[in-house]
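Q: could you work out the structure for the sequence below:
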Amino acid sequence: MDLLATTSAVAVSSYALLSTIYKSAQALYAQPATNPSLQDSLGRSEAVLPSVDVIVPCFNEDPITLAQCLESLASQDYTGKLQVYVVDDGSANRDVVAPVHKIYANDPRFSVILLANNVGKRKAQIAAIRSSSGDLVLNVDSDTIIAADVVTKLVLKMHDPEVGAAMGQLIASNRSQTWLTRLIDMEYWLACNEERAAQARFGAVMCCCGPCAMYRRSALALLLDQYEAQFFRGKPSDFGEDRHLTILMLKAGFRTEYVSDAIAATVVPDSLGPYLRQQLRWARSTFRDTFLALRLLPELDGYLTLDVIGQNLGPLLLALSSLAALAQLLIAGSVPWWTGLTIAAMTMVRCSVAALRARELRFLGFALHTPINIFLLLPLKAYALCTLSNSDWLSRKVANVPAEGEEQSVILHPNAGRHAASKRGMSGTIHKARLSSPESSLAATKSVCGCDRSTACK
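A: Next up, the predicted model:
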């Protein structure tokens, strides 16, 4: 039984070494770079502000959540041309959300595209992209509300013609709802302000997250056919659209960026069932795009290779050490002290660093994520790897998808607008974010949401 103890000790030691190197480099590169002030940048670019098309795909969305999303778009402080395309992807509750569309019936900035059948988020996006003509395209999920200056800040980042895509910082609008939403909010902070921030130092954010991501139309025009026709083992790949499009952008030679003070608040799962289904879908999409991403590494900075190794080999070593430790406990009856103490030490170091960087003690509570990761997420990722061909969204039912080659019916409402929306005092309205510390998601939340997050901003 010494073999089990040795295997567990070697695996967890290798995990600790790799994680120390990877997380140290990540923390170093995630430090914000010095950039010109927002006002200076605005002064230089105001005369040539590009036009922006905002695309909001919707499927069976709660009408209040959708109304809050659209109100945040109507309240943008962007002084350039802004058009919003709300794409209803064959929702079964169209009669329920119709009053929300009607609220925006008189503003020429808003258009509603009604798809006759449910075709999935990706094709709904593409329908709006092909119906619009703005210089830049901003994708916003229908359960997301964005700060009033998000469009402006993302546009400033896109001023560099080499940038093909840029994402904002995500926070959980319903953070205070359950213990899980609090945990996910911290997970989002770490994913944005550690992982994405470090990748952005080299212009290679590997996934510009769907709730709030801006793309250059000229780049989309080159990639749209590839994006639409993604297949895996002969089957259409309908989810993971944000990661796949980001990888295509990098493959085409464009930079992808992260803007930490462009804040978007999105609804996250409040119980384990929906959370695990979401993580399963994300894991499958990540595995599907891994090989495509690997081909890019020789052209990118060496840190990105370390990043890929850390994100893929690290969990494998952690899983191996955990399995060996569990077998040691059950078969040999001996307690795997070394493995347990090493994992606990690595967890507390990471949480302490996050608490220090975010200036919030609550990040010490992120230690709870470690047992969830070991006992739920790692087995789930193994299952995802074994079921890569499954393209079920798990959280939605797709019906009446047109046959291949069949043209999708589109009903376009050219005028759907904001006059009535500006008169109603809707709770959850996003106000202009004035962030003294963009690293703090709690401070960001208070700046972004006009309501207490305990109400889930719904």
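
Q: which residues in the stretch 51-200 of the chain form helices?
A: Assigned by DSSP state H, counting those that start in this stretch, the stretch 51-200 of the chain shows helices spanning 63-74, 94-103, 121-130, 150-157, 179-190, 197-200.

Q: typo on my end, the stretch 301-450 of the chain
A: For the stretch 301-450 of the chain, the helices defined by DSSP H, counting those that start in this stretch cover 302-327, 337-358, 369-372, 378-386, 419-423, 441-448.

Q: possible to save those helices as a markdown table with mean neighbour count, mean pLDDT and distance to residue 87?
A: Every residue, glycine included, has its C-beta placed from N, CA and C. Listed next are these as a markdown table, based on neighbours: other C-beta atoms under 10 Å; pLDDT from 0 to 100; distance: least, C-beta to C-beta, whole Å:
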| stretch | mean neighbour count | mean pLDDT | distance to residue 87 |
| --- | --- | --- | --- |
| helix 302-327 | 18 | 95 | 32 |
| helix 337-358 | 17 | 96 | 35 |
| helix 369-372 | 16 | 97 | 34 |
| helix 378-386 | 15 | 94 | 28 |
| helix 419-423 | 13 | 35 | 18 |
| helix 441-448 | 21 | 40 | 24 |
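
Q: can you put the ones you listed in a markdown table and add distance to residue 252?
A: Shown next, in a markdown table, are those (distance: least, C-beta to C-beta, whole Å):
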| stretch | distance to residue 252 |
| --- | --- |
| helix 302-327 | 16 |
| helix 337-358 | 33 |
| helix 369-372 | 35 |
| helix 378-386 | 27 |
| helix 419-423 | 38 |
| helix 441-448 | 32 |
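
Q: so which of those helices comes closest to residue 73?
A: Of all the helices of the stretch 301-450 of the chain, it is helix 419-423 that lies closest to residue 73, at 9.8 Å by C-beta to C-beta.

Q: out of the helices of the stretch 301-450 of the chain, nearest to residue 197?
A: Short answer: helix 337-358, nearest of the helices of the stretch 301-450 of the chain by C-beta to C-beta, at 10.1 Å.

Q: just to revisit the earlier point, could the helices of the stretch 51-200 of the chain go into CSV alongside mean pLDDT?
A: Formatted as CSV, the helices of the stretch 51-200 of the chain follow (pLDDT from 0 to 100):
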stretch, mean pLDDT
helix 63-74, 97
helix 94-103, 94
helix 121-130, 93
helix 150-157, 97
helix 179-190, 98
helix 197-200, 97
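
Q: among those helices, which is nearest residue 280?
A: Between residue 280 and the helices of the stretch 51-200 of the chain, the shortest separation by C-beta to C-beta is 15.2 Å, and it involves helix 179-190.

Q: which outside residues touch that closest one?
A: 170-172, 174-176, 268-272, 275, 354, 358, 362-363, 365-366, 368-369, 372, 441 (C-beta atoms under 8 Å, 6 or more residues apart in numbering).

Q: and it, what's buried?
A: For helix 179-190, the neighbour count (16 or more other C-beta atoms under 10 Å) marks 180-190 as buried.

Q: turn the helices of the stretch 51-200 of the chain into TSV, including distance to residue 32.
A: What follows is the helices of the stretch 51-200 of the chain, written out as TSV (distance: least, C-beta to C-beta, whole Å):
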stretch	distance to residue 32
helix 63-74	25
helix 94-103	37
helix 121-130	30
helix 150-157	13
helix 179-190	14
helix 197-200	7
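
Q: nearest to residue 214, of those?
A: Nearest of the helices of the stretch 51-200 of the chain (C-beta to C-beta): helix 150-157, 4.3 Å.

Q: buried set for that closest one?
A: 150-157.

Q: tell me the one of these nearest residue 50?
A: Once C-beta to C-beta is applied, the member of the buried residues of helix 150-157 that ends up nearest residue 50 is residue 155, at 6.4 Å.

Q: residues contacting that closest one?
A: Residues near residue 155 by C-beta under 8 Å, 6+ apart: 45, 49-50, 52, 78, 80, 136, 214.

Q: please narrow those to those residing in strands.
A: Among the contacts of residue 155, the members falling in strands (DSSP state E) are 52, 136, 214.

Q: quick one: which of the helices of the stretch 301-450 of the chain is nearest residue 69?
A: helix 419-423 (11.3 Å).

Q: buried among the ones in strands among the contacts of residue 155? Need that as a selection in PyMOL.
A: To isolate the buried ones among these in PyMOL, judged by 16+ other C-beta under 10 Å, type:
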select buried, resi 52+136+214
